[in-house]
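# sequence and predicted structure are below.
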Amino acid sequence: MSAATATAEPDTGEISRARQIIFPRPLYSSLVAHAVRKFTGHYLAGETEERKAFGMLAGRPVPGGIQVGSVFPLIVNMRHDSDHRARMDEVVEEHAIPSETPMDQRGWIADPRELMDIDDACDDAGWVLFGNYHTHRVPWPHDPVRDTCTHLDRVLAAESGQWTFILSVVDLHRPVLRAFFEGDNDREAAIRIVPPLPGTRTAGA
């Protein structure tokens, strides 16, 4: 679950009507590699050391869907900053289901400086910042795969105009990626993984 969507302003017309997300295989691999790296404890300099991965997705609308142009892993989680902790604690306590992960360690708030850099990259490439992704790793008795949005995910994604991508890594060797508009499990787009397309790139996973 993430508060990274607050600054994003995608064109919700074409974006919200997408029926499929076209994911070039190298970009899909980059997203999964980000999760594997974090879950195996390999952190970048200055990166928040947590066993969870959050990031942003950019691309452009195409007939019937959205073509992913870039994956932007997020590095710093401002959720633990004294200026943001209380607000996220309140939201988590109200809406989250108790789990193995302590309440005060759940959630992600993106560093505005990272989002500004991502916005600049999107402007340069002519992309729309249309989605965000995060991982679910702890199986629940009523939801053993954890490949859909939780109530907390829906609360944080409401009215964002973005697609929320859930990467289930309950089994790290068999990740599952699904996409839901504004965290609504009834508004899912199919994910189609394709060979590399011209003009795609990744930020460091």
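Nice, thanks for sending it over. Residues are numbered from 1 along each chain as shown.
# in the protein, mark out all the helices, start to finish.
For the chain, applying DSSP state H gives helices covering 12-16, 25-39, 85-95, 112-125, 151-157.
# so which of these gets nearest Val170?
Of all the helices of the chain, helix 25-39 sits nearest to Val170, with 11.0 Å by Cβ to Cβ. Glycine gets a C-beta too; all of them are placed from N, C-alpha and C.
# which residues touch the residue nearest the centre of the chain?
Centroid-nearest residue in the chain: Tyr133, 1.1 Å away (criterion: Cα atoms, centre = their mean). Contacts for Tyr133 (Cβ atoms under 8 Å, 6 or more residues apart in numbering) come out as 31, 53-57, 164-167, 177.
# skipping adjacent residues, who's closest to it in space?
Nearest residue to Tyr133, sequence neighbours excluded (Cβ to Cβ, 6 or more residues apart in numbering): Phe165, at 3.7 Å.
# beta partners of the one you found?
Tyr133, Ala179 (DSSP bridges).
# next up, the contacts around Asp184.
149, 154, 157.
# looking at those residues, spot the one nearest Pro73.
Looking across the contacts of Asp184 and measuring by Cβ to Cβ, the closest to Pro73 is Ala157, at 18.8 Å.
# count the neighbours of that closest one for me.
As a burial measure, Ala157 scores 23 neighbours (other Cβ atoms under 10 Å).
# and the nearest residue to it once chain neighbours are set aside, what is it in contact with?
Once flanking residues are discounted, Ala157 sits nearest to Gly183: 3.2 Å by Cβ to Cβ, 6+ apart. By Cβ under 8 Å, 6+ apart, the contact list for Gly183 reads 149, 153-158, 160, 164.
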